[in-house]
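Participant: got a predicted structure here, sequence first:
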Amino acid sequence: MRLFIVLTTLSFTASLAPAAARPPSFGQNASAADGVFSAAQVQRGRETYHEKCSFCHPLTPRGPNAMVNGWEGDPLVGDAFLKRYATVFQLFDVVRKMPDNDPGGLGRQRYLDLTAFILEANRLPAGNRELAGDDETLKRIGIASSAR
Ligand code: HEC
C-alpha cells in the first residue's frame, strides 16, 4: 500500500524512481511504449476479454478499441483512463482483481494477457516479447509518459 502511494505521487511528476537493482528483463526506465507485450498475447487477451469481461465492459460496434465501463460510460481506453496508471503493474493490479464477480479467478497468465490487450487498445505497440515476470518486474515498466 505504501508503494502504491509513492508510485501515485510520482505519477504527478511524470517520472519514476530509479530502481535499486537492474532487473533481468527490462531496463530501470522501461516504458510500455517499448513493445513489452506480443501480438499473440494481445489476441489471447482479446479472447479472454470477450469471455470474461465484455459482459460488464462491453465492446462497442466501433471495434476492439472501444471499451466502455457500463456503469459510468467511463472507457477503458483514452488519456483519462491511462493517466490513472503510472506503471504496468498498477494496471495489472486492477485487472487481476477482475472480474468483479470472481476477483483473481483467472490466474496470472490470463491477467497478463488481458493487461496486454488493454495496453494495445490504448495504442501502445506490440513487440517481440511477452509481458511476463513478477510484480517487481511489472513495477519497472512505466506508462505515464509513454502513451502520449
Ligand atoms: C460483474 C461485472 C464486471 C466484470 C465481469 C468485469 N468488471 Fe471490470 N469493473 C467492474 C466495476 C463495477 C468496475 C468499477 C468499480 C471497481 O473498481 O470495482 C470495474 C473496473 C475495471 C477497471 C478499472 C477502470 C478504470 O476506470 O480505471 C478495469 C481496468 C477493469 N474493470 C477491467 C476488467 C477486466 C479486464 C475484466 C475481465 C477479466 C473485467 N473488468 C470484468 C465490473 C466488472
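Facilitator: Looks like it came in fine.

Participant: next SSE downstream of the helix or strand bottoming out on mean pLDDT in the chain?
Facilitator: Least confident helix or strand of the chain, by mean pLDDT, DSSP states H and E, is helix 2-12 with a mean of 42. Later in the chain than helix 2-12, the nearest helix or strand by DSSP states H and E is strand 30-31.

Participant: quick one: low-confidence parts of this structure?
Facilitator: For the chain, the stretches flagged by pLDDT under 70 are 1-28, 60-74, 144-148.

Participant: now with 90, please.
Facilitator: For the chain, the stretches with pLDDT under 90 are 1-30, 53-82, 84, 100-101, 121-123, 144-148.

Participant: interface residues of it facing the ligand?
Facilitator: 52-53, 55-57, 69, 71, 74, 76, 81, 84, 94-95, 98-101, 114 (CB under 6 Å from any ligand atom). Where C-beta positions appear, they are placed from N, C-alpha and C, glycine not excepted.

Participant: go again with 8 Å.
Facilitator: Within the chain, the positions adjacent to the ligand are 48-49, 52-53, 55-57, 69-72, 74, 76, 81, 84-85, 91, 94-95, 97-102, 106, 110-111, 114-115, 117-118 by CB under 8 Å from any ligand atom.

Participant: mind checking which of those land in helices?
Facilitator: Counting by DSSP state H, the part of the residues of the chain next to the ligand found in helices is 48-49, 52, 81, 91, 94-95, 110-111, 114-115, 117-118.

Participant: would you list the buried entries among those residues?
Facilitator: Neighbour-count burial (16 or more other CB atoms under 10 Å) applied to these gives 48-49, 52, 81, 91, 95, 110-111, 114-115, 117-118.

Participant: those: which two are farthest apart?
Facilitator: Greatest spatial distance in those: Phe81 and Arg110, 20.7 Å, computed using CB to CB.

Participant: burial count for the nearest residue to Val42 once chain neighbours are set aside?
Facilitator: Nearest non-adjacent residue to Val42, counting by CB to CB, 6 or more residues apart in numbering: Glu120, 4.5 Å away. As a burial measure, Glu120 scores 22 neighbours (other CB atoms under 10 Å).

Participant: list of residues touching the one helix or strand Glu120 maps to?
Facilitator: When elements are assigned from DSSP H and E, Glu120 belongs to helix 108-121. Contact with helix 108-121 is made by 32, 36-38, 41-42, 44-46, 48-49, 53, 64-65, 67, 76-77, 88, 91-92, 95-96, 98, 106, 126, 130-132, 143, as judged by CB atoms under 8 Å, 6 or more residues apart in numbering.
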